[in-house]
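> Sequence and predicted structure below; questions after.
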Amino acid sequence: MMPEPEANAAKNLLAEVRGRLDRLQGKRDELVTRQNALDVRLNEINTYLAIADSVTDALEQLSNDVFQQELTVIESTLTKALQEVLDQPVVFKATASFKRDAASVEFSIERDGNPEDIMRGQGGSVANVVSVGLRMFAITTLDDRRHRKFLVLDEQDCWLHPDLVPRLVKIVHEAGTALGFQVLMISHHDVSNFLRHADRVYRLTPDRGDGVGLELVQNDADLMVSDE
């Protein structure tokens, strides 16, 4: 028989070896679990990579389709606005092209299928109406949490014949009301052109004393009084 001190030492060593073996076994089980989780994740990534190109192409096509739909709405809306204001068979065109993951849009007008210079159409009146329409569309894209929907149109009717100004004011008023934003129009045209469709009309006149005179005009009677 082994002496008692040596036997105790052997038992202690065996217990220590078994404890280390148990810890190693636990570590092994942990590593196996992590390996299995990594294998699952790797399979998910490989599955995604296998369809990544198709998904990217589909998303790009969807984006292009949505963009084209928006352009179609812009074309229809601005064509209607041009025809209502100018009373001419003018058609607005927005042609998109996609290069290097970026979109560009070219605007043009047509009359009876024939292209015209958008900047010279109707002596510049087309540019007036189109500019107003595009500004309104731009405002609708703003984040309400960061921007107040307020549009300033500074002499955007400068090339319009005076008889056509009320038509533009009517469209602007209707659009602003429908889209929920305010519009301030500044014009050199006669104040009477704005009375019918604007919510408020102010006339600014030179004043030799204080610089500028400001008066609220509510009807034609106010114009007659101020003219006197």
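On my side now, so go ahead. No experiment lies behind these values; they were computed from the predicted model shown.
> got the residue ranges for the strands in the chain?
Using DSSP state E, the strands of the chain run over residues 90-99, 102-111, 114-116, 150-154, 182-186, 201-207, 211-217.
> now these as TSV including mean neighbour count, distance to Lys27 and mean pLDDT?
In this view, the C-beta of every residue, glycine as well, is placed from N, C-alpha and C. Formatted as TSV, the strands of the chain follow (neighbours: other CB atoms under 10 Å; distance: least, CB to CB, whole Å; pLDDT from 0 to 100):
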stretch	mean neighbour count	distance to Lys27	mean pLDDT
strand 90-99	15	55	84
strand 102-111	13	53	83
strand 114-116	11	77	87
strand 150-154	14	66	91
strand 182-186	16	69	92
strand 201-207	12	82	83
strand 211-217	11	84	81
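> Which positions within stretch 184-199 qualify as buried?
185, 187, 189, 191, 193-195, 197-198 (16 or more other CB atoms under 10 Å).
> So which of those is the closest to Ile171?
His197 (8.7 Å; CB to CB).
> Report the contact partners of the closest one.
In this structure, His197 makes contact with 166, 169-170, 172-173, judged by CB atoms under 8 Å, 6 or more residues apart in numbering.
> could you redo the last one with a cut-off of 10 Å?
Each residue near His197 by CB atoms under 10 Å, 6 or more residues apart in numbering is listed here: 165-174.
> Identify the residue nearest the geometric centre of this structure.
Geometric centre of the chain, nearest residue: Thr141, 3.1 Å, by CA atoms, centre = their mean.
> Return the backbone torsion pair for that one.
When read as degrees, to the nearest 10, the backbone of Thr141 gives phi -90, psi -10.
> Which per-residue confidence value corresponds to it?
Note on Thr141: pLDDT of 84.
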